[in-house]
Structures are given as structure tokens and as C-alpha cells.
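**Student:** missing the sequence, but the structure's below:
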């Protein structure tokens with residue numbers, strides 16, 4: 001892709017998200033979401049592969065549907081209350097419709113079926129943008145309108161997402177689909193605590209972005225898209241293999257890694273709110289996610305490639321990808337747990 005075109009598209013991504021962040025008017029927020037969608041569509045289809053074009057088409061249709069629902073809900077609220085301010089959601093129907101549309105945008109269960117299929121057809125770097133940056137604007141809108149949304153709806157969406165993210169990833173062999181189900185599960189953790197402690201949602205979002213970035217950048221540097229290809233990473237780069245296994249365990253929420261911090265704080269908050277059954281279900285769903293991360297670690301570190309081809313020596317190939325973002329995201333994904341009190345102090 002032409003560097004100038006790429007710069008325009010990435011700038012438009014930033015502009016759309018910033019516009020949604022800064023707006024309290026439903027029309028401006030809707031415009032920001034549309035700019036975001038239209039900017040990422042060319043990035044998704046840049047390789048002109050039939051699978052990428054199919055994923056782009058699915059993504060565009062889903063986002064267009066969600067955007068139409070947001071516009072309709074904003075219009076309904078303006079008709080009832082007389083103003084477009086998103087902080088004044090006086091209509092329960094409009095608030096519920098907004099939440100369902102935003103859940104469709106970020107892939108919360110039961111509106112999550114598009115996410116694995118779309119991510120499977122994308123390049124790993126584009127998939128990283130879809131899994132991290134594209135979540136920011138809808139989550140900002142959910143946080144701003146959380147007071148008007150039915151708490152039962154938020155709890156139901158959160159629980160269903162954690163369970164769907166855990167169960168859905170168990171029988172997958174494609175790494176991008178596994179990361180998609182991981183994203184669905186993490187979004188569930190963020191949504192369920194939103195009504196009680198929004199700062200914990202922000203902490204969970206920040207740690208999720210760094211852990212997912214480390215996972216995607218590692219798979220990109222290793223050119224791995226299936227579990228079978230993980231077995232040949234060890235002779236290529238033993239250090240990268242060891243850190244990748246730790247990053248995956250951090251995504252699963254295993255102590256003493258960074259991923260344990262948001263799960264620990266969220267479960268603690270749920271217990272404080274008198275919801276032990278909900279907290280128990282979420283903890284059990286986290287065990288499901290941890291299982292398929294352990295599968296990936298087993299494939300990477302405890303197995304070897306079933307066939308050895310003498311003419312193919314990938315460990316001699318030079319890496320062209322910059323290692324600074326990978327090293328930074330990996331370090332953050334592994335070592336933030338000891339500074340949890342400082343992060344809590346900054347968040348509150």
C-alpha cells in the first residue's frame with residue numbers, strides 16, 4: 001500500500017476515535033464511529049485475497065447495522081427528551097438499543113459470531129488494530145451511557161461473553177480465531193464490572209491492549225497462523241518462544257503475570273458488591289480460557305515439528321519487523337502485577 005494512503009487511513013482511524021471520545025452529541029459520536037469504520041475497511045481488504053474481501057464485507061455489514069441502530073436510538077431519545085446529549089438518556093428503550101448496537105460493534109455475546117470469522121480473514125497487524133484500537137470508541141460510549149443502561153443487561157452480556165469466549169476457543173486450531181474468542185472473553189470482564197467500578201474497566205482495557213499487542217506482534221514475527229506452525233518457532237527463536245508462552249499465560253490470567261491483575265480486582269469488586277455467584281461463574285469461565293492458552297503453550301514449548309526438511313531453514317531468515325514494540329508490550333504484559341497498588345491509585 002502507498003505510504004501516503006496508509007498515513008491517511010491511520011490518521012482517519014485516530015480522528016474517528018478522537019471525535020467519538022470528545023463528543024457528547026449522538027450525531028458527532030456516530031460520525032466518529034463511521035469515520036473509524038470507513039478508514040479500516042481499505043486496510044482489511046488491502047491484500048485482495050478472497051478470504052480478506054469476505055471478512056471485510058462481513059465487517060462492513062455488521063458495523064453498518066450497528067451504526068444504523070445507534071442513529072435510530074439517538075433519534076428516538078432526541079424525540080422523547082428533546083435533546084441529543086448522550087448524558088441525558090431518558091428513554092430506556094433507546095438506552096437498551098444503544099447498548100445492543102455497541103455490543104454488536106465490539107463483539108459481545110450473543111452478538112459475537114462475526115468476530116472470529118472476520119479476524120480469521122485478516123493480516124495479523126490489521127487484526128491487532130481490529131482487536132484493540134477499534135474497541136476504544138464503542139467502549140467510551142458504553143462508559144458514558146452506563147448509568148442509563150439496565151444493570152441486568154450489562155451483567156447478562158458480560159457473563160455470556162466470558163462463557164462464549166471460553167467455550168468457543170476450546171476446539172479451535174486457527175490462532176486468529178483463538179485470539180478473537182480471547183477478545184470476546186476479555187470484553188465480558190470489562191463490561192460486567194462497568195456499572196460498579198468504571199476505573200477497573202479502564203485498567204482491564206489497558207492490560208488487555210498490551211497483552212494482545214504482544215501476542216499479535218509475536219505471531220507476526222514468527223509468521224504463525226495455526227497451532228501446528230507453533231512447533232517450529234523454538235529453533236527459530238528460543239527467547240521469543242519462552243516470552244510468548246508467558247504472554248499467553250498472562251492473557252489467561254495466571255499469577256504472577258500482569259493478566260492476573262484485572263481479573264483479581266474485578267472478582268474482588270464483585271465480591272464486595274454481594275455477587276458471589278456471578279464472580280464464581282466468571283472465575284470458572286476464566287479456567288476455560290486458560291485451558292486453550294495452555295494448549296498453545298504446550299504446542300510451542302513441548303512439541304517439535306513432525307517433519308524436518310533440510311532445504312528449509314527459516315532460522316536463517318532475517319527479521320524485518322521492528323522489535324521495540326514487541327519488547328515493550330511483552331515487558332508490560334509480564335511485569336505489571338507488582339505495581340498494582342500504584343495503578344489503582346492512578347486510576348482512582
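**Tutor:** Now that the structure is in, tell me what you want to look at. Since the model is a prediction, treat every value here as computed from it, not as a measurement.
**Student:** For the protein, give me the ranges with low pLDDT.
**Tutor:** 304-322 (pLDDT under 70).
**Student:** by contact count, what packs against the longest helix anywhere in it?
**Tutor:** If you go by DSSP state H, the chain has its longest helix at helix 50-81. On a contact count with 3 or more C-beta pairs under 8 Å, 6 or more residues apart in numbering; DSSP states H and E, helix 50-81 meets helix 26-44, helix 92-106, helix 114-120. C-beta here means a position set from N, CA and C on the backbone, and glycine is covered the same way.
**Student:** can you list those in TSV and add distance to residue 190 and mean neighbour count?
**Tutor:** Converted to TSV, those look like this (distance: least, C-beta to C-beta, whole Å; neighbours: other C-beta atoms under 10 Å):
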stretch	distance to residue 190	mean neighbour count
helix 26-44	18	20
helix 92-106	9	21
helix 114-120	15	22
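**Student:** Number of residues surrounding the nearest residue to residue 281 once chain neighbours are set aside?
**Tutor:** Excluding the flanking residues, the one nearest residue 281 by C-beta to C-beta, 6 or more residues apart in numbering is residue 159, at 6.1 Å. Residues within reach of residue 159, counting by other C-beta atoms under 10 Å, total 18.
**Student:** do the same with the one 10 residues further on
**Tutor:** For residue 169, the neighbour count with other C-beta under 10 Å is 24.
**Student:** quick one: contacts for it?
**Tutor:** 177, 178, 181, 182, 185, 288, 289, 292 (C-beta atoms under 8 Å, 6 or more residues apart in numbering).
**Student:** switch the cut-off to 10 Å
**Tutor:** Neighbouring residues of residue 169 by C-beta atoms under 10 Å, 6 or more residues apart in numbering: 116, 177-182, 184-185, 288-289, 291-293, 295-296.
**Student:** Next: residue 137.
**Tutor:** 13, 16-21, 23, 29, 32-33, 35-37, 102, 105-106.
**Student:** So the protein: which segments form each domain?
**Tutor:** 1-140, 150-305+322-348 (automatic domain parsing).
**Student:** Would you mind giving the helices and strands packed on helix 50-81 as CSV with distance to residue 197 added?
**Tutor:** As requested, the helices and strands packed on helix 50-81 are arranged in CSV below (distance: least, C-beta to C-beta, whole Å):
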stretch, distance to residue 197
helix 26-44, 24
helix 92-106, 18
helix 114-120, 26
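**Student:** Kindly state which of these is positioned closest to residue 60.
**Tutor:** Ranking the helices and strands packed on helix 50-81 by proximity to residue 60 (C-beta to C-beta) places helix 26-44 first, at 5.7 Å.
**Student:** Centre of the chain to that closest one, how far?
**Tutor:** Helix 26-44 has its C-alpha centroid displaced from the chain centroid by 18 Å (C-alpha atoms, centre = their mean, to the nearest Å).
**Student:** The spatially closest residue to residue 132 that is not a sequence neighbour: neighbouring residues, count only.
**Tutor:** With C-beta to C-beta, 6+ apart as the criterion, residue 132 has its nearest non-adjacent residue at 4.8 Å, and that residue is residue 209. Look at residue 209: counted by other C-beta under 10 Å, it has 20 neighbours.
**Student:** what's near enough to touch residue 209?
**Tutor:** Here residue 209 is in contact with 128, 131, 132, 133, 135, 136, 186, 329, 332, 333 (C-beta under 10 Å, 6+ apart).
**Student:** Work out for me the element the fifth one sits within.
**Tutor:** This means residue 135. For residue 135, the element it lies in under DSSP states H and E is helix 133-144.
**Student:** so what's residue 144 closest to, chain neighbours aside?
**Tutor:** With C-beta to C-beta, 6+ apart, the residue lying closest to residue 144 is residue 86, at 5.7 Å.
**Student:** Was I right to think the one you found contacts residue 98?
**Tutor:** Yes. Contact criterion C-beta atoms under 10 Å: residue 86 and residue 98 qualify, at 8.4 Å.
**Student:** Can you pull the residues that touch both of the two?
**Tutor:** Going by C-beta under 10 Å, 6+ apart, residues that sit against residue 86 and also against residue 98 are 26, 29, 74, 77, 141, 145, 148.
**Student:** Tell me who's in contact with the third one.
**Tutor:** What it means is residue 74. 25, 26, 27, 29, 30, 84, 86, 89, 94, 97, 98, 101.
**Student:** for the last one, same thing?
**Tutor:** Residue 148 makes contact with 77, 86-92, 94-96, 98-99, according to C-beta under 10 Å, 6+ apart.
**Student:** so who does residue 66 touch?
**Tutor:** Residues in contact with residue 66, defined by C-beta under 10 Å, 6+ apart, are 33, 37, 100, 101, 102, 103, 104, 105, 106, 111, 138.
**Student:** just these now: which is nearest residue 54?
**Tutor:** Among the contacts of residue 66, residue 37 lies closest to residue 54 (C-beta to C-beta), at 16.9 Å.
**Student:** Just list the residues touching the closest one, thanks.
**Tutor:** 13, 16, 59, 60, 62, 63, 64, 66, 67, 105, 134, 137.
**Student:** Look up the closest residue to the fourth one, ignoring the ones flanking it.
**Tutor:** It refers to residue 60. Among residues not flanking residue 60 along the chain, residue 41 sits closest, at 5.7 Å (C-beta to C-beta, 6+ apart).
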